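Peer 1: Okay, sequence plus prediction incoming.
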Amino acid sequence: MVNLINQLSMPLVEVSLVLQKHISGLMKSLNQHLDEQGTSVPIKVSQPWPLDMDGSDTEASFSLEKVLNIIDAQRMDILETLIRVTLIEIEASLIEGLLALRSWEHLARTQLASATGPGQLFSPLEVPEDW
């Protein structure tokens with residue numbers, strides 16, 4: 001994922017949308033299983049991880065319609081396919097897959113929370129060196 005995101009200079013908004021789609025699908029399956037079994041999972045699996053942001057709230061409003069008109073669906077499909085194939089290839093359980101994607105989600109949400117304009121949404125996701 002790191003190589004693909006860096007190679008395609010994938011915008012933050014596109015990575016975020018793909019991650020959210022996968023997490024939602026996995027959570028739906030997991031919740032169905034948990035309901036059938038009458039069990040639960042830790043919040044770290046079931047909920048987005050809290051952001052480590054200082055108290056500075058940035059209020060920015062962008063036209064969601066404009067943002068969605070600019071995204072590159074083909075690039076998002078490539079990332080979506082890579083995630084799906086990787087999770088299948090490594091035979092990740094629902095919980096393992098969710099935990100792996102939650103770390104990516106946390107990275108993307110942290111950067112989204114700092115965005116003050118639409119241009120930052122289309123800046124490449126900044127993946128730390130040691131990721």
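Peer 2: Sure, I can see it.
Peer 1: Report all helices and strands that the lengthiest helix in the chain contacts.
Peer 2: Criterion DSSP state H: the longest helix present in the chain is helix 12-37. Helix 12-37 sits against helix 43-46, helix 73-89, helix 94-114, helix 118-121, with contacts defined as 3 or more CB pairs under 8 Å, 6 or more residues apart in numbering; DSSP states H and E. For the C-beta atoms, the positions are set from N, CA and C on the backbone; glycine is no exception.
Peer 1: Report the angle between it and helix 73-89.
Peer 2: 40 degrees (axes from the mean of the first three to the mean of the last three CA atoms, to 10 degrees).
Peer 1: Quick check: buried residues in helix 12-37?
Peer 2: Buried positions in helix 12-37, judged by neighbour count with 16 or more other CB atoms under 10 Å: 12-19, 22-23, 26-27, 30.
Peer 1: Which residue lies nearest the spatial centre of this protein?
Peer 2: What sits nearest the mean C-alpha location of the chain, by CA atoms, centre = their mean, is L19, with 3.0 Å.
Peer 1: pretty sure that residue contacts A108?
Peer 2: Yes: with contact defined as CB atoms under 8 Å, L19 reaches A108; the gap is 6.1 Å.
Peer 1: Could you report the pLDDT at the residue nearest to the centre of the chain?
Peer 2: We note a pLDDT of 98 for L19 in this prediction.
Peer 1: now do G38
Peer 2: pLDDT at G38 comes out at 95.
Peer 1: Run a quick neighbour tally on it.
Peer 2: Applying other CB atoms under 10 Å, we find 6 residues neighbouring G38.
Peer 1: if I look at it, how far off is T116?
Peer 2: For G38, the distance to T116 equals 45 Å [CB to CB, to the nearest Å].
Peer 1: in the lowest-mean-pLDDT helix or strand in the chain, what counts as buried?
Peer 2: When each helix and strand of the chain is scored by mean pLDDT, DSSP states H and E, helix 64-70 comes last, with a mean of 83. Residues of helix 64-70 include none that count as buried (16+ other CB under 10 Å).
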